[in-house]
Structure formats: C-alpha cells, structure tokens
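>>> Structure for this input, please:
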Amino acid sequence: MEEGGVSTGGTGGTAGASGPSGGGAVGEASGVGGSAGAGDSSGTGGTVYGWNGQSCSNMTGTECQGESCCTSIVLPAGSFLMGRGTEECTGGAGGAGGAGGAGGYGNGCLDGCPSGMTCHTREQPEHPATVSSFALDKYEVTVGRFRAFVEAGVGTQLAPPAAGEGANPSISGSGWDRTWNASLPADQDALLSNLRCSNSSSTWTEAAGDHEQYPMNCVTWYQAFAFCIWDGGRLPTEAEWEYAAAGGDENRVFPWGDDVTEPLPANYLSPGNSAYMPVGSYPTGNGRWGHADLAGSMNEWVLDWLADDYYTTTHTGCTDCANLTTDLALVIRGGGWRQDAYDLRAAQRTGTAPSNRINWLGFRCSRSAA
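A predicted model of the protein is given here:
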C-alpha cells in the first residue's frame, strides 16, 4: 500500500545515578563507560548512547542534533492515566479559524479534548496504567540507521528474527512469532523495492546522502519489529509510548505540555510545514524526559493490536499491559507530518494493517532499562 489509510556491538558503560524520579544512564555502545545524564527531581531521565550499537556502529556519534541518532532515554517506572478524560489546557484567544483563532483551539478543553479538536471513543475511558522502567529511543529510527540494517542483510525471509526475540521481559508471549517470517520481504531485493512506497515522499535513498537524518518511513510493522530486534531492542508497548508522550503522571495533552495554541512545536500539517525533515527539528516540542517527535514527524508503530473496546476490558488498571490478540489493525501513535493538530495529542490512537507501508508512518525502539 503506497499511501495507506487508517484502521482497516558493544557493552555499555557504567550506569549513572538515578534521581528521585529520573532514570539512570548507561555508557556508549563502543564500550566507553558513561555517567551521562543522572536523573533529577524534575523527572528528567538519564541517557543511553548507542545501546548495542549495531545501527550506529559506523557513525561519528553526532548525526542527530549534535548527538548519536541512537540516543535512548531511560524512563522511571510509574503509573499514569492512560486515554482521555477531562484535562486543563490553554488555547488561542478565539477568532478566525474555528474555535481556536490566531492559530489556537480555544480556551480550555471539551470532554478531555482541546476545544475544536476531534476525539474518538477508542481513547476512552481514561484509566490507570502502570509501566516498569524502560528505555525509549530519543529519536525515531533514521534512514541512516535503517541503512545499516539493510546492509547487514537481515530483516528478510532469508534472515528473520528468531522466535521469541524482542519480547518485553514483563509480558509473556510478546516476542517475535515465526509465522510472521512470511510477512517479511522474500530477499534483500524485495526489501529495497518495498522501501520506495511513494517516490515523491519516501525518505529512503538508494545511496547514503542528505536523507540519513530523516525519519525512516514506508516500513511495515514486521520490518519495524525486525529492525528493533536486530538493534537490541523491541517495539514499545502502547502504554510505554503514551507514558512517554503524556509525561507520565503529568498527563499532558501534548508531549511538551498543555498549551494547544498553534502553530504547535512539531512537524505537522500546518502552513509552511507540510514536509518531512530531520529528526529532532523541533526541540521545544520534546517530551518530559527529552524524547523528540512524539508528536508530529512520523506516526509510529507500537507493539499492540488495535481494539476499540480494549480500554473497557483487559487494559483497565493493569501493569505492563499490551494487546497481543491478533486483529485487523495494529496501533499507530503520535501524528505525522501529514496530520492535523488533533492527531498529535498524547492520547490519540488509531491503527492500520501491519503490512501497510505509508509515507507518514515510522517507528522508534524500546529497550530494557538495564
């Protein structure tokens, strides 16, 4: 599917100290120890540079906004309210442009969704959820990182992940299923062909060039999962992803906070801002723990299958949950460069078929915290 629709190497160094609500840090994949990024009482997590290092092993370490594209951030364990309910937020002064005006979406929120924005019942009800400590890549997987994966000759039916790899250590049965091997490209030629799902807006290039820092798009869920496994990680659960995007117990409307005034500090469909760009291009839109592009840039694959009634059944009030029941669509999060402001909200959730390759859909990897 070219422009899909919705819903059908090394040993780490020494760990850094943790703050009251921050995460610790591990050193570089090259084996150089690190004490980078001790947590503090503000909840800022420590960073991990090049976890396992395969996708960044041939990079200089300064490719993405002056740091390694493989930077990962450790988040503390915690509980939060997942989904949407009544929230407080600020907006524009009103006027042209509907309920917002001056690029805003009005004052306050309506039923948990900023006034003038459209929400969906699949985000309801707002409910408690708990996640264990984990690491989440700061940046979406870039073209340069994915190129290392392709050049390693993996991610095809000839070299698939092993059964059970990429499992969340807290969730039984969350690893790779060998029946998914048939959904990977047959060989490397097929893989390369797949990566050009839209000639006008695919980020992939046949040779390394000026796209290496752009977020990778046009990959299926199976390819995204296979990449994360090869790179020493896994796909984040939906709960982990929203925990990072909502700032945990701060329950933010957007990753940066509750200000819904447009233009938003993200790459999305707004005047003069409707094309992809290098990851991390909007640092003022980073989340509580420093993650970039959790809103805008690319929508992102997560581990869970989409179910409209999931929040009213097994996910209510549970710890380290994931929906592993196969369905028609898998969850995608975060909004992309072709989406409107309401798609960028932390609680917004939709889905698409796992084999779809879409020019506004990418991913990032999650990892064990230690």
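>>> ok, which stretches of the chain are helices?
143-151, 188-194, 221-230, 238-245 (DSSP state H).
>>> Adding distance to residue 162 as columns, could you present those helices in a markdown table?
C-beta: built from backbone N, CA, C; applies to glycine. Formatted as a markdown table, the entries for these read as follows, by distance: least, CB to CB, whole Å:
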| stretch | distance to residue 162 |
| --- | --- |
| helix 143-151 | 16 |
| helix 188-194 | 19 |
| helix 221-230 | 8 |
| helix 238-245 | 23 |
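>>> Strands along the stretch 1-150 of the chain, start to end?
If DSSP state E, counting those that start in this stretch is used as the criterion, the strands of the stretch 1-150 of the chain fall at 47-48, 72-75, 78-82, 109-110, 113-114, 127-131, 134-137.
>>> go on, the stretch 251-370 of the chain?
Counting by DSSP E, counting those that start in this stretch, one finds strands in the stretch 251-370 of the chain at the ranges 299-305, 330-333, 349-352, 361-362, 366-368.
>>> Next, format these as CSV and append distance to residue 267.
As requested, those are arranged in CSV below (distance: least, CB to CB, whole Å):
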stretch, distance to residue 267
strand 299-305, 12
strand 330-333, 15
strand 349-352, 18
strand 361-362, 12
strand 366-368, 22
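>>> which one of these lies closest to residue 127?
Closest to residue 127 of the strands of the stretch 251-370 of the chain is strand 349-352 (CB to CB; 13.2 Å).
>>> per-residue pLDDT, residue 125?
Residue 125 carries a pLDDT score of 89 in this model.
>>> now swap in residue 14 and tell me
Residue 14 carries a pLDDT score of 29 in this model.
>>> One more: residue 9?
For residue 9, the pLDDT comes out at 31.
>>> For residue 213, give me its contacts.
By CB atoms under 8 Å, 6 or more residues apart in numbering, the residues touching residue 213 are 63-64, 69, 142-144, 278-279.
>>> what about 7 Å?
Contacts of residue 213 were listed using CB atoms under 7 Å, 6 or more residues apart in numbering, and they are 63-64, 142, 144, 278-279.
>>> Just send the residues you listed back as JSON lines, with distance to residue 178 too.
Conversion of the contacts of residue 213 to JSON lines gives the following (distance: CB to CB, whole Å):
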{"residue": "63", "distance to residue 178": "34"}
{"residue": "64", "distance to residue 178": "33"}
{"residue": "142", "distance to residue 178": "28"}
{"residue": "144", "distance to residue 178": "29"}
{"residue": "278", "distance to residue 178": "36"}
{"residue": "279", "distance to residue 178": "32"}
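>>> which of those residues lies closest to residue 357?
Within the contacts of residue 213, distances to residue 357 taken as CB to CB reach their minimum at residue 142, with 17.1 Å.
>>> What is the neighbour count of that closest one?
Other residues within reach of residue 142 by the criterion other CB atoms under 10 Å amount to 28.
>>> Thought residue 208 was touching it, still the case?
No. Here residue 142 does not reach residue 208: they are 11.3 Å apart, not a contact under CB atoms under 7 Å.
>>> Please name the nearest non-neighbouring residue to residue 282.
Of all residues not flanking residue 282 in the chain, residue 265 sits nearest, at 4.8 Å (CB to CB, 6 or more residues apart in numbering).
>>> Sorry, wrong one. I was asking about residue 311.
Leaving aside its sequence neighbours, residue 311 sits nearest to residue 83 (CB to CB, 6+ apart; 5.5 Å).
>>> quick one: residue 300 and residue 346, what's the gap?
12 Å (CB to CB, to the nearest Å).
>>> Compare those two (neighbour count), which wins?
Here residue 300 and residue 346 are set side by side on neighbour count (other CB under 10 Å), and the busier one is residue 346, at 30 against 25.
>>> give the contact list for that one.
Under the criterion of CB under 7 Å, 6+ apart, the contact list for residue 346 reads 242, 245-246, 252-255.
>>> again, only using 8 Å
The neighbourhood of residue 346, defined by CB under 8 Å, 6+ apart, consists of 242, 245-247, 252-255, 294-295.
>>> for residue 305, same thing?
Counting by CB under 8 Å, 6+ apart, the residues that residue 305 touches are 323-327, 329-331, 351.
>>> Mind giving me the PyMOL select for these, buried ones only?
In PyMOL syntax, the buried subset of these is picked out as below (16 or more other CB atoms under 10 Å):
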select buried, resi 323+327+329+330+331+351
